[in-house]
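1. With the input below, show me the fold.
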Amino acid sequence: MPNPDRAPQDVFPSPPRCTPVRVVVADDNPVVRAGLTALLSGREDIAVVAEAADGREAYEAAVRHRPDVVLLDVRMPGVDGLAALPHLARIAPVVMLTYSHESEIVQEALRRGAGGYLVHGEFTVDELLSAVRDSVRGRAHFSPTAATAALAQIRSDATAHAQLDPIPLFSLTSTKSLSQLQPTVGHSTSRLSDRERFRLSAREAEIMDLIASGMTNQQIAAACFISEKTVKNHINRIFAKLHSTSRSEAAAKWLGTAVTS
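-> Just a heads-up that it's a prediction; the model follows:
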């Protein structure tokens, strides 16, 4: 395989919607491959153009067929999914479809160019179909475990960045008021300080992180091993503490992107 370079953001033009989404399915388990192929091929707007049993076969199939999406397993004999991923990501959007749920693997897959990550047992058929269809539009899909791992990486990167950011110094003769300084200082504040500022409990902060990542109540319940009713109760308390009436408003305040007067 050639050494991959980072592909530009718009390298994959969306195919015309009058044509089926062309998919390569890569998994070393023949039963899984057959099941996915049967499932996807039964849709008028999706066509499986090739199957592959390892990363090398997936790459060769992608070069030959130029698919719109590649569904890629992680653990395969020979060339595994992570090794093939950077090469495949230069040809088409890649959605990891695997039993591998470890945070390190999810994060490494994202670093190598994965456009989505679905863990078997954590998504419905409709969610899989949506992930395939949306991938050609650049929309990422993550099952709960993968979303939690991705969020952990984002928070880790943000914390590291905040620790490296110098706190701006202002002279005693500065005419800037406290209200003018607060947005600047807030930008370098850790998520722990945000949690204290909004008076969220540890569980509420965890759920607010998942809301901000775009997860539904059902996905949050699965990720936190609680009922949807309990999730709703937490969300009601979160909205009250953040003085918000919607998920988008709460997320904007939590992430520091809300426009304040």
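
2. isn't Arg43 right up against Leu129?
-> Yes - under the contact definition of Cβ atoms under 8 Å, Arg43 touches Leu129, with a separation of 6.6 Å. Placement of C-beta: from N, CA and C, glycine included.

3. between these two, which one's more packed in?
-> Counted by other Cβ atoms under 10 Å, Arg43 and Leu129 do not tie: Leu129 has more neighbours, with 17 against 13.

4. what about the chain, any weak spots by pLDDT?
-> Within the chain, the segments meeting pLDDT under 70 span 1-18, 157-195, 223, 225, 257-261.

5. just the strands in it please.
-> In the chain, the strands defined using DSSP state E lie at 21-26, 46-52, 69-72, 94-98, 116-119.

6. how about the longest one: buried residues?
-> Right, the one you point to is strand 46-52. Within strand 46-52, the residues that count as buried by 16 or more other Cβ atoms under 10 Å are Ile46, Val48, Val49, Ala50, Glu51, Ala52.

7. what's the nearest residue to the second one if we skip its chain neighbours?
-> Put plainly, it is Val48. Taking Cβ to Cβ, 6 or more residues apart in numbering, and ignoring the residues beside it in sequence, Val48 has Thr37 as its nearest neighbour in space, at 4.7 Å.

8. Verify the stated contact: that neighbour with Glu51.
-> Yes - Thr37 is within contact range of Glu51, at 6.2 Å (criterion: Cβ under 8 Å).

9. and for those two, which residues touch both?
-> The contact sets of Thr37 and Glu51 overlap at Val25 (Cβ atoms under 8 Å, 6 or more residues apart in numbering).

10. Tell me the spacing between the residue lying closest to Gly121 once chain neighbours are set aside and Asp73.
-> Spatially, and ignoring its direct neighbours in sequence, Gly121 is nearest to Tyr99 (7.8 Å; Cβ to Cβ, 6+ apart). Per Cβ to Cβ, to the nearest Å, Tyr99 is found 8 Å from Asp73.

11. Those two: which has the busier surroundings?
-> Counted by other Cβ under 10 Å, Tyr99 and Asp73 do not tie: Asp73 has more neighbours, with 25 against 13.

12. Identify the residues contacting that one.
-> Contacts for Asp73 (Cβ under 8 Å, 6+ apart) come out as Ala26, Asp27, Asp28, Asn29, Val32, Gly81, Met96, Leu97, Thr98.

13. any chance of these in a markdown table, plus neighbour count and distance to Ile226?
-> What follows is these, written out as a markdown table (neighbours: other Cβ atoms under 10 Å; distance: Cβ to Cβ, whole Å):
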| residue | neighbour count | distance to Ile226 |
| --- | --- | --- |
| Ala26 | 28 | 35 |
| Asp27 | 27 | 32 |
| Asp28 | 18 | 35 |
| Asn29 | 14 | 32 |
| Val32 | 16 | 30 |
| Gly81 | 28 | 32 |
| Met96 | 27 | 26 |
| Leu97 | 26 | 26 |
| Thr98 | 23 | 25 |
